[in-house]
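*Asks:* Sequence plus the predicted model coming up.
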Amino acid sequence: MLRKEKGWSQEQLALQSGLARSYLGGVERGQRNIALENIVKLARTLEITPSVLMDFSE
């Protein structure tokens, strides 16, 4: 998980990205769908390209 590779908690990622911690938790657990706009926000926050977040090869 990219967030954990950076050593960030969900709360830290939420604060940095402007997204709610509960929303991020739901996305990580596969319980919530994520909008493209939020994929872009997370990618910018994590300093990666959006395509990295959408890699379904695993």
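*Replies:* Received the coordinates, thanks. Numbering: from 1, shown residues only.

*Asks:* Please count neighbours and contacts with C-alpha atoms only from this point.
*Replies:* Noted.

*Asks:* Return the distance of Gln10 relative to Leu19.
*Replies:* 10 Å (C-alpha to C-alpha, to the nearest Å).

*Asks:* Just the pLDDT for the residue nearest to the spatial centre of the chain.
*Replies:* Nearest to the geometric centre of the chain sits Leu42, at 4.6 Å (C-alpha atoms, centre = their mean). Confidence at Leu42, expressed as pLDDT, is 97.

*Asks:* what's the single longest helix in the protein?
*Replies:* What stands out as the longest helix in the chain, according to DSSP state H, is helix 36-46.

*Asks:* by contact count, what packs against the helix or strand that that helix is followed by?
*Replies:* Next along the chain after helix 36-46, taking DSSP states H and E as the criterion, comes helix 50-53. Here helix 50-53 touches helix 36-46, going by 3 or more C-alpha pairs under 8 Å, 6 or more residues apart in numbering; DSSP states H and E.

*Asks:* What residues sit buried inside the helix it packs on?
*Replies:* Ile39, Val40, Lys41, Leu42, Ala43, Thr45, Leu46 (16 or more other C-alpha atoms under 10 Å).

*Asks:* correct me, but the third one touches Ala14?
*Replies:* Read it as Lys41. No. Shown here, Lys41 and Ala14 do not form a contact pair, counting by C-alpha atoms under 8 Å, at 10.4 Å.

*Asks:* From Arg32, how far out is Glu47?
*Replies:* 23 Å.

*Asks:* Name the residue in the two with the higher neighbour count.
*Replies:* Set Glu47 next to Arg32 and count neighbours by other C-alpha atoms under 10 Å: Arg32 wins out with 12 against 9.
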